[in-house]
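Student: give me a 3D structure for the following:
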Amino acid sequence: MNTSHAIATFCLLGVAACNSQSSNGQPSIRELQQRVLPSDSEILSAVYDSFYQVPVDFFVDERSSTAKSYSLYHVKDASLSYELCTDDSQQAFAWELSDSKQRHVYGTYVESYENDRYFEFVRELSFPDSIGNVSDLTSLNFARVFKCSYVNRDGVDRNLRDGYAGTLNISSPTSQSIRAYSEYMWQFTFFWPAQKKVLQTHSLESNDRYEHTLVLGFLTNRGTDQCDLIEIIDWTFSVDKSSGRLSKEFNFLFSIDAELLNGVPTKCG
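Tutor: Numbers count the residues shown, from 1 in each chain. Down below sits the predicted model:
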């Protein structure tokens, strides 16, 4: 039977969560949240589709139309815990130069670019003929440094799925602000590429914050003669309206046992 999951998220988190309230005595955003998730067949179709990654209205990076192969990343601190930020273009370039010299392939500087969110430095990387898995002997590398006037990620631990996520420094954050930020950052997450499936997104607002949730589908192959495990996750990013403080919360919703039968995604049992 094909089912559609009507989710009152706080009840999925248990009785205590159903009865909990925010610090000001009002129901929290998550307690008020009620929505319909994709059906089982839609979930299975997405997670088993090797070409599917995100919904049609999801953020698309400015460099996605680059004709040749390319790499894209943000310059990070020495511990690789968070992305650096500065509003000084020369400081940004100094960080990028130092970072590029430590990489396996040092690229030739091509140009720089900036917008209201980051500085970007473009290099052309050259690979020797002996590398058999490289189709192009040159590729472009786009290294970015956030502007602190947009976001400051100092002190963030990128390896954590929950907790502090930085400070959004734009004036008057909006629902669109947290959506743009969270969907932009998704392309830099540490999840295994085969698991990076965003099934849907949704935004909410409370008196003191905006939040944007990515509904994720994770596929785990359990091995021969066993059904695969599909886990449905809410990953919610929120921004405080007054301080700009960013936080993230990773919540398991439910799971499905499934398999491919003659190439067709099918629920087990």
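Student: please count neighbours and contacts with C-alpha atoms only from this point.
Tutor: OK.
Student: what is the burial count for Leu214?
Tutor: Here the number of neighbours of Leu214 (other CA atoms under 10 Å) works out to 23.
Student: neighbours of the closest residue to it other than its chain neighbours, how many?
Tutor: Nearest non-adjacent residue to Leu214, counting by CA to CA, 6 or more residues apart in numbering: Thr201, 4.7 Å away. Residues near Thr201, counting by other CA under 10 Å, number 20.
Student: what's the answer for the one 10 residues further on, then?
Tutor: The criterion is other CA under 10 Å. On that basis, Glu211 has 25 neighbouring residues.
Student: so how far is Phe250 from it?
Tutor: Distance from Glu211 to Phe250, counting by CA to CA, to the nearest Å: 13 Å.
Student: longest strand anywhere in the chain?
Tutor: Ranked by residue count, the top strand of the chain under DSSP state E comes out as strand 245-261.
Student: could you pull up phi and psi at the residue nearest to Leu214?
Tutor: Main-chain dihedrals, Thr201, degrees, to the nearest 10: phi -140, psi 160.
Student: report pLDDT for it.
Tutor: The model reports Thr201 with a pLDDT of 96.
Student: any regions of the stretch 101-250 of the chain where pLDDT drops low?
Tutor: 127-137 (pLDDT under 70).
Student: show me the strands in it, by range?
Tutor: For the stretch 101-250 of the chain, the strands defined by DSSP state E, counting those that start in this stretch cover 108-114, 118-126, 138-146, 151-152, 163-168, 197-205, 209-220, 228-240, 245-261.
Student: angle of the helix or strand where Phe93 lies against strand 108-114?
Tutor: Assigning secondary structure by DSSP states H and E places Phe93 in helix 89-101. Relative orientation of helix 89-101 versus strand 108-114 (axes from the mean of the first three to the mean of the last three CA atoms, to 10 degrees): 140 degrees.
Student: center of this protein - which residue?
Tutor: Trp186 (1.7 Å; CA atoms, centre = their mean).
Student: returning to that earlier point: any figure for the gap between the residue nearest to Leu214 and Leu216?
Tutor: The separation that Thr201 has from Leu216, given CA to CA, amounts to 9 Å.
Student: and the strands of the stretch 101-250 of the chain: which comes nearest Phe93?
Tutor: strand 118-126 (7.4 Å; CA to CA).
Student: note down every partner strand of that closest one and its orientation.
Tutor: strand 108-114 (antiparallel), strand 138-146 (antiparallel) (DSSP bridges).
Student: pick the most buried one from those.
Tutor: Across the strands paired with strand 118-126, averaging neighbours per residue (mean count of other CA atoms under 10 Å) puts strand 138-146 on top, at a mean of 22.
Student: what distance separates it from the middle of the whole chain?
Tutor: Relative to the chain's own centre, strand 138-146 is displaced by 19 Å; criterion: CA atoms, centre = their mean, to the nearest Å.
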